[in-house]
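Novice: how would this look folded up:
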Amino acid sequence: MFAMQNRAGQLARVILIAFVTISTSDRLVAGEAVSVGAATNRLTYLNGHDECLIGHSFAGQITTRWFGQRMDGDVVLVDLSRVGRRSDLVLKAVRDHNLRRDPHTIIRWLPNQAGAAIVDVNGDGALDVITHTATRAVTHLWSPRDRAWSKIGFPVATGAGSVCWGVVEPAGAATILVRSIGVTGAWQFVDGQWKAADHLTTGLELDGRRVLTGSSGHDRGIRLRDLDGDGCCELIAGGGPRRGILQWNQQQRRWQPTPFALPDGLSLITDRGQDAGLRFVDIDKDGDQDIVFSDERRYAVYLFDSMETGWSTRLVAAERLGPENSGIPPISVRGLTTRARYDAMAQTVRLPGEPTRFNFRHALADHRLRRIQKSASEGFAAIVSNEGAEDEWYNYAGKIVPNFHLRQTKLDARLVWETPPVRRSDADEPVHLVFLGAIGFRSQPATKGYGLEIDGKMRLRFDVTDQVTSWQSDNGDTSLLFRPTWKSGEDAAGFFYLSLSGDLVTSGKSVRVGIRSLGSGSQRWFALHPVKDVVVRQPALGTDVVTTAQREEPTVYQVGVAAVDVTPDYPIRLRGYSGRVTESTGVVQKLWAKALMIQSPQRPPALLITLDNCLVPAALREQVAKRLHRRVGLLPDRLSITATHTHSGPILAGMS
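Specialist: Numbers count the residues shown, from 1 in each chain. Sure thing, here's the model as predicted:
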């Protein structure tokens, strides 16, 4: 063996080579969460057979011990299945509490075993109650003025479990629809009475055969739901051999089939008429009714696109791999309804008392990115002004590059740039711009973050994160989505997608984008990477939004290796078995310094260096650690330098 130069610079050279090796990887590792705005209400129970649906505007006033927690969305499902005399309890709840109906409430008849339905049948804003036994049903109308109940009949005395509730015509009258063995008809509550509306049964057929809402007390999988948010319900045939969607045509006064049905393989009921585990929930908050399906064998989520294509976007679909599978919890198991619920704020389905096993944020982010990337154009052309500074730090690929950065040290400091002239192909569609940047120093004190300005006007607020995150303006005309593709423990770099509504841009003109510090006294920072060909650098998304049954992105480790010949080219004293009082006379075997670096999106880089020598002095390690932290940001506790313990080697900082 031979001698080695006593310089920490050679070790630093090894580390830099390892960093370069890692930065060449363009593997995208998306974050685990997307931020969402605060939801008005929290939970929607996904139980279908033992619940009653009521509007969310009065949900907060319902006694918790009777009805469970607040819900979210355009419906609230109230559990009446675990109390004693349900009808009396419902009457007392409506009488004692000022329960108000939401105008967009979707109402549905309760199954026989529930005993009562809560519905604002006359549209006065106060809830009414329908109670029934096996042979008789009664409508209880509550008068807010008199604070008293009045009773009238209910049109369906038998076979009440086959009743479908909804609002079918634009007038908004509460409507019931029945077609079963021995009972056929439709009624609307008008002028204080149930009045026949038999015209609403016209066209109730699929494939030339009648649609039955029930038979022999069994559910036939027929539902009335407002799929597209226009205030009128569509009829969903989701069970049995005849499946499809019927839409009411007000001009022709008949039901007509739509071009779509429930997605293949999904049903509202099983072959035995039991709960199949399919629910309608607005997952992406666009006002349409999306589908969440989950039973003991598989689960799926489909987004509703339009009345022409239906649920054509599959967000999730997978088979269960075992009892510990992290997918959507079962909504039904072998036809029996579970207690699953959907939390709109967390965007997750969960079972009471169990930890969260699945949320839709990652899948929704990838779905949105898929659409944006197809039409994204360049979001940077030239810097206008920078009240921050210029620096060098990591970019989307993990390479150290120049950037313009703005810290949260001074209130109202700005970084402003212009985009290329915007080209618009459709005036009604938003414009999507993409630029490269980074945000970091998360451990610093949090402030109000940053403001995003468009042509000098504040549009939204955002802050430092290392996850896939989306921010939106209050009126929805501006949104910013950050997709990190490089991370450390403190910082993240990647692609920023800026979406602007058509009225904020003019075709052929540039957009002036500004970032404004909304805080002071913090070293948190935003950086813009001045790159003009970002579109071609976008990481490709997979063919499916979610592809594995586990539904979680696997941890991806990036590894870099390097080796440097550190054999000195001049005579040097040796220690160990070859120690002597004179310098070495030649090279028997070359000496090497080798580096292995590992990092993942969840952890900062870790570096292992092995040095062909007897020992490595602690002072030398500290010197190398300081240099690496200063030059490339490697944390000192993520560095390990070891010697191969050659028993013979050069004198290194007083040690061999």
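Novice: now do residue 598 against residue 611, distance only.
Specialist: For residue 598, the distance to residue 611 (CB to CB, to the nearest Å) stands at 19 Å. All C-beta atoms are positioned from the backbone trio N, CA, C, and that covers glycine.
Novice: neighbour-wise, which of the two wins?
Specialist: residue 611 (25 against 17; other CB atoms under 10 Å).
Novice: wait, doesn't that one sit right on residue 640?
Specialist: No. Taking contacts as CB atoms under 8 Å, residue 611 lies outside contact range of residue 640: 11.2 Å.
Novice: give me the helix or strand of this protein that scores worst on average pLDDT.
Specialist: Least confident helix or strand of the chain, by mean pLDDT, DSSP states H and E, is helix 64-67 with a mean of 29.
Novice: do you know the pLDDT at residue 531?
Specialist: On pLDDT, residue 531 comes in at 96.
Novice: ditto for residue 377
Specialist: 94.
Novice: what's the closest residue to it other than its chain neighbours in contact with, if anything?
Specialist: Residue nearest to residue 377 in three dimensions, not counting chain neighbours: residue 433, with 6.0 Å by CB to CB, 6 or more residues apart in numbering. Residue 433 makes contacts with 376, 377, 378, 379, 419, 422, 497, 498, 499, 500, 511, 513, as judged by CB atoms under 8 Å, 6 or more residues apart in numbering.
Novice: part of a strand, is residue 433?
Specialist: Yes. If the criterion is DSSP: H, G, I helix; E, B strand; the rest coil, then residue 433 is within a strand.
Novice: quick one: secondary structure of residue 200?
Specialist: Relying on three-state DSSP, one would call residue 200 helix.
Novice: burial count for it?
Specialist: Residue 200 has 23 neighbouring residues, counting by other CB under 10 Å.
Novice: any idea how far it lies from residue 367?
Specialist: 36 Å.
Novice: ok, now residue 595?
Specialist: From residue 595 across to residue 367, the span is 40 Å (CB to CB).
Novice: could you tell me the phi and psi values at the most centrally placed residue in the chain?
Specialist: Closest to where the C-alpha atoms of the chain average out (CA atoms, centre = their mean) is residue 361, at 1.4 Å. Main-chain torsions, residue 361, degrees, to the nearest 10: phi -60, psi -50.
Novice: that one against residue 347, yeah?
Specialist: Yes. Counting by CB under 8 Å, residue 347 is a contact partner of residue 361 at 5.1 Å.
Novice: higher neighbour count, residue 595 and residue 367?
Specialist: residue 595 (24 against 21).
Novice: SS state for the more buried one?
Specialist: Secondary structure for residue 595, judged by three-state DSSP, is strand.
Novice: quickly list what it is bridged to.
Specialist: With DSSP bridges as the criterion, residue 595 is bridged to residue 562, residue 609.
Novice: state the distance from it to residue 506.
Specialist: 53 Å.
Novice: what do you get for residue 476?
Specialist: In this view, residue 476 and residue 506 are 20 Å apart by CB to CB.
Novice: now residue 177
Specialist: Per CB to CB, residue 177 is found 50 Å from residue 506.
Novice: who has more neighbours, the two?
Specialist: residue 177 (26 against 13).
Novice: so what strands line up beside the stretch of helix or strand residue 482 belongs to?
Specialist: Taking DSSP states H and E as the criterion, residue 482 maps to strand 478-487. Its sheet considered, strand 478-487 pairs with strand 469-472 (antiparallel), strand 492-500 (antiparallel) by DSSP bridges.
Novice: dump the ones you listed to a markdown table, plus mean pLDDT and distance to residue 142.
Specialist: Formatted as a markdown table, these follow (pLDDT from 0 to 100; distance: least, CB to CB, whole Å):
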| stretch | mean pLDDT | distance to residue 142 |
| --- | --- | --- |
| strand 469-472 | 88 | 40 |
| strand 492-500 | 95 | 46 |
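Novice: need the winner for burial among those.
Specialist: A comparison of those by mean neighbour count, using mean count of other CB atoms under 10 Å, puts strand 492-500 on top with a mean of 24.
Novice: tell me the contacts of residue 464?
Specialist: Applying CB under 8 Å, 6+ apart to residue 464 gives the contacts 439, 440, 441, 442, 449, 524, 525, 526.
Novice: between those residues, which sits nearest residue 296?
Specialist: residue 442 (41.0 Å; CB to CB).
Novice: thought the closest one was touching residue 522?
Specialist: No. Using CB under 8 Å, residue 442 makes no contact with residue 522, being 10.5 Å away.
Novice: run through the stretch 351-500 of the chain and note the low-pLDDT ranges.
Specialist: Applying pLDDT under 70 to the stretch 351-500 of the chain flags residues 352, 356-357.
Novice: so where's the stretch 551-656 of the chain shaky on pLDDT?
Specialist: The stretch 551-656 of the chain contains residues with pLDDT under 70 at 551-556, 570, 577-581, 600-603, 652-656.
Novice: can you check the stretch 151-300 of the chain too?
Specialist: Judged by pLDDT under 70, the stretch 151-300 of the chain has its weakly predicted residues at 157-161, 216-217.
Novice: swap the cut-off to 50 and go again
Specialist: Scanning the stretch 151-300 of the chain for pLDDT under 50 picks out the ranges 159-160.
Novice: ok so, going back, the strands paired with strand 478-487: which one's closest to residue 299?
Specialist: Closest to residue 299 of the strands paired with strand 478-487, according to CB to CB: strand 469-472, at 24.3 Å.
Novice: so how far is that closest one from its chain's centroid?
Specialist: Computed by CA atoms, centre = their mean, to the nearest Å, the chain-centroid distance of strand 469-472 equals 11 Å.
Novice: got it, and stretch 465-476?
Specialist: 11 Å.
Novice: for the remainder of this discussion, apply numbering that starts at 487.
Specialist: New numbering, starting at 487: the last item is stretch 951-962.
Novice: what helices and strands are in contact with the helix or strand encompassing residue 663?
Specialist: According to DSSP H and E, residue 663 maps onto strand 661-666. The contact analysis (3 or more CB pairs under 8 Å, 6 or more residues apart in numbering; DSSP states H and E) places strand 661-666 against strand 650-652, strand 669-676, strand 700-701.
Novice: repeat that for 6 Å
Specialist: For strand 661-666, the packing partners by 3 or more CB pairs under 6 Å, 6 or more residues apart in numbering; DSSP states H and E come out as strand 650-652, strand 669-676.
Novice: counting neighbours, what do you get for residue 716?
Specialist: Neighbours around residue 716, by other CB under 10 Å: 12.
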